[in-house]
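S.K.: Could you look at this predicted model? Sequence included:
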Amino acid sequence: MSVERIRELLDLMRQHELGELELRDKDFSVRLVKGARPAAAAAAAHAPAPAPAPAPAGAPFRPAPARAEPAFGRQPEPAPEGLREITSPIVGTFYRAASPDADPFVDLGARVEPDTTICIIEAMKVMNEVKAEASGVIRKVLVENGQPVEFGQPIFLIEPAESGG
């Protein structure tokens, strides 16, 4: 399932004020639940592995709130003038590279296009490639490798490319 499709599902949940949404396909199923719920319980319901690893103690699954609330206890800061935020399309774990010994997908100063892979976010043992979705230059990485991220949390700052050039 693509990141775009997951975004569409999250938008449907918001538009119709759904507390829970489940979708099953021939090879894939996803269940999105709004509200506090332990991550291990949510993952165990659909995880193909017989014994999923337990979540860290006290780690609740909570969809990202509206941008007015802080992500992981921090106050969100507006992007500096002239820069645009690239946000996490899903809840998961942020990785800058495809593997621990690989080079990061992008470094500071890297020129990106909309289809450039900039990171991976792991959600329920699925590695989801995140694309820049804009042209420009990476100016800041806002998340540490291996750090959990929430839906809508800023992960990069990009200086957009000039229009028409």
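M.R.: Perfect, I can see it now.
S.K.: Now do the lengthiest helix in the chain: which elements does it pack against?
M.R.: In the chain, assigned by DSSP state H, the helix with the most residues is helix 3-15. On a contact count with 3 or more Cβ pairs under 8 Å, 6 or more residues apart in numbering; DSSP states H and E, helix 3-15 meets strand 20-24, strand 29-33, strand 126-131. (Each C-beta comes from the backbone N, C-alpha and C, glycine too.)
S.K.: The same query, at a cut-off of 7 Å, please.
M.R.: strand 20-24, strand 29-33 (3 or more Cβ pairs under 7 Å, 6 or more residues apart in numbering; DSSP states H and E).
S.K.: List the contacts of it.
M.R.: 21, 23, 32, 34, 89, 90, 128, 130, 151 (Cβ atoms under 7 Å, 6 or more residues apart in numbering).
S.K.: Just the buried residues of those.
M.R.: 32, 89, 90, 128, 130, 151 (16 or more other Cβ atoms under 10 Å).
S.K.: Which members of the residues you listed are the farthest-apart pair?
M.R.: For the buried ones among the contacts of helix 3-15, the farthest-apart pair by Cβ to Cβ is 32 and 130; their separation is 18.1 Å.
S.K.: where do the strands sit along this protein?
M.R.: 20-24, 29-33, 37-38, 60-61, 84-87, 92-95, 111-112, 117-123, 126-131, 136-141, 148-149, 154-160 (DSSP state E).
S.K.: thinking again about what came up before, of all pairs in the contacts of helix 3-15, which one spans the longest distance?
M.R.: 34 and 130 (22.4 Å).
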